[in-house]
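Colleague: okay, here's the prediction I keep looking at, along with the sequence it came from:
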Amino acid sequence: DGGITQSPKYLFRKEGQNVTLSCEQNLNHDAMYWYRQDPGQGLRLIYYSQIVNDFQKGDIAEGYSVSREKKESFPLTVTSAQKNPTAFYLCASSAGSRSTEAFFGQGTRLTVV
Amino acid sequence: AQKITQTQPGMFVQEKEAVTLDCTYDTSDPSYGLFWYKQPSSGEMIFLIYQGSYDQQNATEGRYSLNFQKARKSANLVISASQLGDSAMYFCAMSGQAGTALIFGKGTTLSVSS
């Protein structure tokens, strides 16, 4: 089945530690995105990539890093520089044109203690 | 810059009634797309409906229709005959010029009661 997979679903980390969230898709989509969701804030864009080996910062990129070495994969690292990392993280992919919908993973709920 | 505004934090409706969820947008791109997504309490994002800026007719998908008023920059979602399973968060989103990402509003929580 084609789809987009995020892992793990729940993640707990101690403050000061870097953590990497996985996102894999087998939809052959060129574009991939990372969003952060906080209560009452909607989805805010962290990073996005339209093509392999290229990515752009979104509205809230500070404290995060990404890589796009393969078309299928777009991991997100939450670094210790991110002041408030506890949130729900959603990865998405799309064919890249303005008329095609984005497909989302199930999300990763990160809790930093 | 593009912006999506959803002004209703919460909406309440009874089963079998219709409900309209508001969405206004702002963009300088002449070509753009408007989307609605549903997010149940499980957290998954479910695509509901799409409207292109040049589409002459309002989009419809089953019980969902999009009331697109281009001059007013609004793209309201209409759910007819609400069901208990419609209780969820609903997000309006917009795509713009090539190479940009989908941007979202803050969402509206819909509660359907029996």
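Modeller: Done, it's in. Numbers count the residues shown, from 1 in each chain, chains lettered A, B, ... in the order given.
Colleague: which secondary element of chain B has the worst mean pLDDT?
Modeller: strand B:103-104 (a mean of 92; mean pLDDT, DSSP states H and E).
Colleague: hmm, it touching chain A?
Modeller: Yes - for strand B:103-104 and chain A, the contact criterion (Cβ under 8 Å from any Cβ of the partner chain) is met by B:103-104. Yep, even glycine has a C-beta here, placed from its N, CA and C like the rest.
Colleague: can you confirm whether the helix or strand following that strand lies near chain A?
Modeller: Per DSSP states H and E, the first helix or strand lying C-terminal to strand B:103-104 is strand B:108-113. No - contact of strand B:108-113 with chain A (Cβ under 8 Å from any Cβ) is absent, the minimum separation being 9.8 Å.
Colleague: avg pLDDT for strand B:108-113?
Modeller: In this model, strand B:108-113 has a mean pLDDT of 98.
Colleague: what does chain A put close to chain B?
Modeller: For chain A, the contact set with chain B under Cβ under 8 Å from any Cβ comprises A:31, A:33, A:35, A:40-45, A:48, A:50, A:58, A:88, A:90, A:92, A:94, A:96-99, A:101-104, A:106-107, A:109.
Colleague: any idea how many residues pack against residue 36?
Modeller: Assuming you mean chain A. Residues near residue A:36, counting by other Cβ atoms under 10 Å in any protein chain shown, number 24.
Colleague: oops, I was thinking of chain B
Modeller: 26.
Colleague: am I right that it is in a helix?
Modeller: No - using DSSP: H, G, I helix; E, B strand; the rest coil, the assignment for residue B:36 is strand, not a helix.
Colleague: beta partners of it?
Modeller: Legend: beta-bridge partners of residue B:36 under DSSP bridges are residue B:49, residue B:92.
Colleague: thinking again about what came up before, list only buried entries from the residues of chain A next to chain B.
Modeller: A:31, A:33, A:35, A:42-45, A:48, A:50, A:58, A:90, A:92, A:94, A:96, A:98-99, A:101-104, A:106-107, A:109 (16 or more other Cβ atoms under 10 Å in any protein chain shown).
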